[in-house]
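**Q** predicted model follows, preceded by the sequence.
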Amino acid sequence: MIFFRIKRFIFVSAVSAVFLAACGSDEVDLETLPPQGIYRTADQLIEDGDWLDAAEAYETIERLYPYSDWAKRGTIMAAFAYHTAGEYELSRAAAQRFVAFYPADKDAAYAQYIAALSYYDQVDARGRDLEVSMMSLQSLRAVAENYPDSRFAKSSLLKYDLVVDHIAAKEMEIGRYYLKRGHFMAAIGRFRTVVGKYGTTRHVQEALYRLVESYLALGLTEDAVRSAALLGHNYVNSVWYRDAYDLLKRPKSLRKPSIVSGSIPERFVRETLLGDPI
């Protein structure tokens, strides 16, 4: 038996004699109700703010009355209620079931969107968890590609760009950490990733400048000049380009740390560390 305690009921219409009888008590045995009665009970739980109980009630319809129209409605509502309750995995599972069972339904785009949000809404909370960010990108792209004419496509593309920017920001954060501590090769790898994979984000200008800094620190002047030239070609009015230009004009003694300059030949750095023979 599945019981839910209901605070109050507001009836739009009579559902059934059984449902009315159950409402005479604070506890409702869902298994004694018809599908529409369970659905109304779940709606009431939402009105009372009991999102998790509501989601479980909606799923009860799917279990007791599979393949019915009420089960279909209950599944999409379960996905929504679970998501609101912060149960993202359960929300995604319900949404994916809906898409699998009813791919041509008018609410399929919404279900796919909820599945994508189950990742997207965890991006900030999970911090450096790149897997969540990548799954968010994949899911948001699926909404835009599979349902391009839906009202969720534009929102998905916007969120997609925000996640890309978030990933680039994390790469920059790690790159700056390495650069500050003198781990120049590790920093270069991060900044190259931003330029190569996330070149449409607002972080690419700084990434190019940080590459200039890192290359100069390793004595790789030609690479620094190329990065600065790329920065100037695409962002000639950027403060990052002006800073890069000023940095390149400085005497070598003022732009390379002694830990690298004069101790590691440029050819060794390029061939051994960068894998880029000259």
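**A** That came in fine, so what should we check first? Keep in mind that what you see is a predicted model, and the values were worked out from it rather than measured.
**Q** who touches whichever strand or helix holds residue 145?
**A** When secondary structure is defined by DSSP states H and E, residue 145 falls within helix 130-146. Contact partners of helix 130-146, identified using Cβ atoms under 8 Å, 6 or more residues apart in numbering, comprise 109, 112-113, 115-116, 118-120, 122-123, 126, 150, 152-153, 156-157, 159-160, 163-164, 166-167, 170. (C-beta placed from N, C-alpha, C; glycine too.)
**Q** the spatially most central residue of the chain and residue 156, how far apart?
**A** The residue lying closest to the centre of the chain (Cα atoms, centre = their mean) is residue 120, at 3.3 Å. To residue 156, residue 120 is 9 Å away according to Cβ to Cβ, to the nearest Å.
**Q** residue 44: how many residues sit nearby?
**A** Neighbour count of residue 44, defined by other Cβ atoms under 10 Å: 21.
**Q** if residue 29 is in a bridge, with which residues?
**A** residue 3 (DSSP bridges).
**Q** what about stretch 172-185, distance to the chain center?
**A** 25 Å (Cα atoms, centre = their mean, to the nearest Å).
**Q** returning to that earlier point: give the full set of residues in contact with the residue nearest to the centre of the chain.
**A** With Cβ under 8 Å, 6+ apart, residue 120 has these contacts: 136, 139-140, 159, 163.
**Q** now with 10 Å?
**A** Residue 120 makes contact with 88, 113, 132-133, 135-137, 139-140, 156, 159-160, 162-163, 166, according to Cβ atoms under 10 Å, 6 or more residues apart in numbering.
**Q** can you give me the distance of it to residue 200?
**A** 19 Å.
**Q** can you check residue 111 too?
**A** Distance of residue 111 to residue 200, computed by Cβ to Cβ: 29 Å.
**Q** looking at those two, which has the bigger crowd around it?
**A** Comparing residue 111 with residue 200 by other Cβ under 10 Å, the one with more neighbours is residue 111, at 27 against 11.
**Q** quick check, the more buried one in contact with residue 80.
**A** Yes - if you go by Cβ atoms under 10 Å, residue 111 and residue 80 touch, sitting 9.2 Å apart.
**Q** element containing the closest residue to residue 75 other than its chain neighbours?
**A** Spatial nearest neighbour of residue 75, excluding adjacent residues (Cβ to Cβ, 6 or more residues apart in numbering): residue 98 at 4.7 Å. Using DSSP H and E, residue 98 sits in helix 88-101.
**Q** so where's this protein uncertain?
**A** Along the chain, the parts satisfying pLDDT under 70 run over 1-28, 126-129, 252-278.
**Q** tell me the angle of the helix or strand that contains residue 61 relative to helix 88-101?
**A** If you go by DSSP H and E, residue 61 is part of helix 51-64. Using axes from the mean of the first three to the mean of the last three Cα atoms, to 10 degrees, the direction of helix 51-64 lies 30 degrees away from that of helix 88-101.
**Q** in the helix or strand that the helix holding residue 145 is followed by, what's buried?
**A** Going down the chain from helix 130-146, the next helix or strand is helix 153-180, by DSSP H and E. For helix 153-180, a neighbour-count test (16 or more other Cβ atoms under 10 Å) marks 153, 155-156, 159-160, 163-164, 166-168, 170-172, 174-175, 178-179 as buried.
**Q** the helix holding residue 145: how far from the chain's middle?
**A** For helix 130-146, the distance to the chain centre is 7 Å (Cα atoms, centre = their mean).
**Q** pull out the CA atoms of it and give them to me as PDB.
**A** The C-alpha coordinates for helix 130-146 follow below in PDB (Å, rounded to 0.1, in the frame of the first residue of the first chain):
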ATOM      1  CA  LEU A 130      34.000  18.200 -16.500                       C
ATOM      2  CA  GLU A 131      31.800  15.100 -17.200                       C
ATOM      3  CA  VAL A 132      28.600  16.900 -16.000                       C
ATOM      4  CA  SER A 133      29.500  19.900 -18.300                       C
ATOM      5  CA  MET A 134      30.100  17.700 -21.300                       C
ATOM      6  CA  MET A 135      26.900  15.700 -20.700                       C
ATOM      7  CA  SER A 136      25.000  19.000 -20.400                       C
ATOM      8  CA  LEU A 137      26.400  20.100 -23.800                       C
ATOM      9  CA  GLN A 138      25.500  16.900 -25.400                       C
ATOM     10  CA  SER A 139      21.900  16.900 -24.000                       C
ATOM     11  CA  LEU A 140      21.300  20.600 -24.900                       C
ATOM     12  CA  ARG A 141      22.500  20.000 -28.400                       C
ATOM     13  CA  ALA A 142      20.200  17.100 -28.700                       C
ATOM     14  CA  VAL A 143      17.200  19.300 -27.900                       C
ATOM     15  CA  ALA A 144      18.200  21.900 -30.500                       C
ATOM     16  CA  GLU A 145      18.900  19.300 -33.200                       C
ATOM     17  CA  ASN A 146      16.000  16.900 -32.600                       C
END
